[in-house]
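In: Fold the following and give me the result.
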Amino acid sequence: MKRLVLLLMSASPAPVLAQPALPTGTFTNEEQVYFDGEAGRAAAPWTGVLIEAQGNGLVWHSIDRFGTVVASEPVAAAPTEWTIGPCRLAMQASSAGGTAFVPADKGCSDRAIPLSLDAEGLTVRLADGRQTRLLRARPFVCWMSVKRHAPRADGSEDWLFQAGMTTHDQGGRLRLGGGESGAPEAIIRIRNVVWPQPSRNRPSLVLYVFTPDDMERAVAYGWADPGAIRIGINQRWMQASCTLAGTNSDGAE
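Out: Reported below is the predicted structural model:
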């Protein structure tokens, strides 16, 4: 994954706007990549970031589809600009009601930078000049269970189980099993899907199941209303349930 850079928030050149809350959370371009592929368009590389508060500023983590941090860089915050490495961005209110970021020096020319931030997500210019849209994800807490290959000594089914697994609804993935676990590997992915026009499909919260030999074609999937706080699936050989964080966050129901 290409390394990204984030500098965020809202101010105008004159007068200076009040400093808003720091923009923390997870953002990915899962939906743009998926629908560009479906339409036969050249998709931007899959991009995910986790933004966390650190002192008086932020830290920008580049993450993979499983939420693993692959690179991190701190962001220095000032009332009218954000700085990361040699890149300095001036901030101003955008016409869309969010924040626009304007490169303030040549240090931003050869790296990815944010162009805008609003309530739904952020737009990033990648190092190759392309733009991509990262949507803000909602965190979910999940449990997964996979049936082991061999039964228990008494002949009953034996299941590998893990609770308290965390992911998100913008393409976040979790895995369980494989290796020396005695169970096949199962992978789940969650998407909050809004189909573009002219599709008549309704927006849905979708839970997919994959096996490691094919990470593109799901072996099963189920869906719920996008406002649902819980979604689950049972495929006999594996089961999973994911709950919106903050509603019943133990993930063991």
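In: Partner strands of the lowest-mean-pLDDT helix or strand in the chain and their direction?
Out: Here the helix or strand of the chain ranked lowest by mean pLDDT, DSSP states H and E is strand 81-84, holding a mean of 87. Taking DSSP bridges as the criterion, strand 81-84 forms sheet pairs with strand 69-77 (antiparallel), strand 87-93 (antiparallel).
In: Let me have the ones you listed in CSV, adding mean neighbour count as columns.
Out: All C-beta atoms are positioned from the backbone trio N, CA, C, and that covers glycine. Below are the strands paired with strand 81-84 laid out as CSV (neighbours: other Cβ atoms under 10 Å):
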stretch, mean neighbour count
strand 69-77, 15
strand 87-93, 20
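In: Columns mean pLDDT and distance to residue 123 on top of those, output as a markdown table?
Out: Output for the strands paired with strand 81-84, formatted as a markdown table (pLDDT from 0 to 100; distance: least, Cβ to Cβ, whole Å):
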| stretch | mean pLDDT | distance to residue 123 |
| --- | --- | --- |
| strand 69-77 | 90 | 17 |
| strand 87-93 | 92 | 13 |
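In: now for those, which one comes closest to residue 213?
Out: Taking Cβ to Cβ, strand 69-77 is the member of those nearest to residue 213, at 23.7 Å.
In: distance of residue 33 from residue 191?
Out: Distance, residue 33 to residue 191, using Cβ to Cβ, to the nearest Å: 11 Å.
In: quick one, which of those two is more surrounded?
Out: residue 191 (22 against 18; other Cβ atoms under 10 Å).
In: State whether the more buried one is indeed within a strand.
Out: Yes: assigned with DSSP: H, G, I helix; E, B strand; the rest coil, residue 191 falls within a strand.
In: Roughly how far does it sit from residue 205?
Out: To residue 205, residue 191 is 8 Å away according to Cβ to Cβ.
In: what residues are shared contacts of those two?
Out: Taking Cβ atoms under 8 Å, 6 or more residues apart in numbering as the criterion, residue 191 and residue 205 both touch residue 169.
In: And the closest residue to residue 87 other than its chain neighbours, its phi and psi?
Out: Closest residue in space to residue 87, ignoring its immediate chain neighbours: residue 108 at 4.0 Å, by Cβ to Cβ, 6 or more residues apart in numbering. Backbone geometry at residue 108, expressed as degrees, to the nearest 10, gives phi -100, psi 0.
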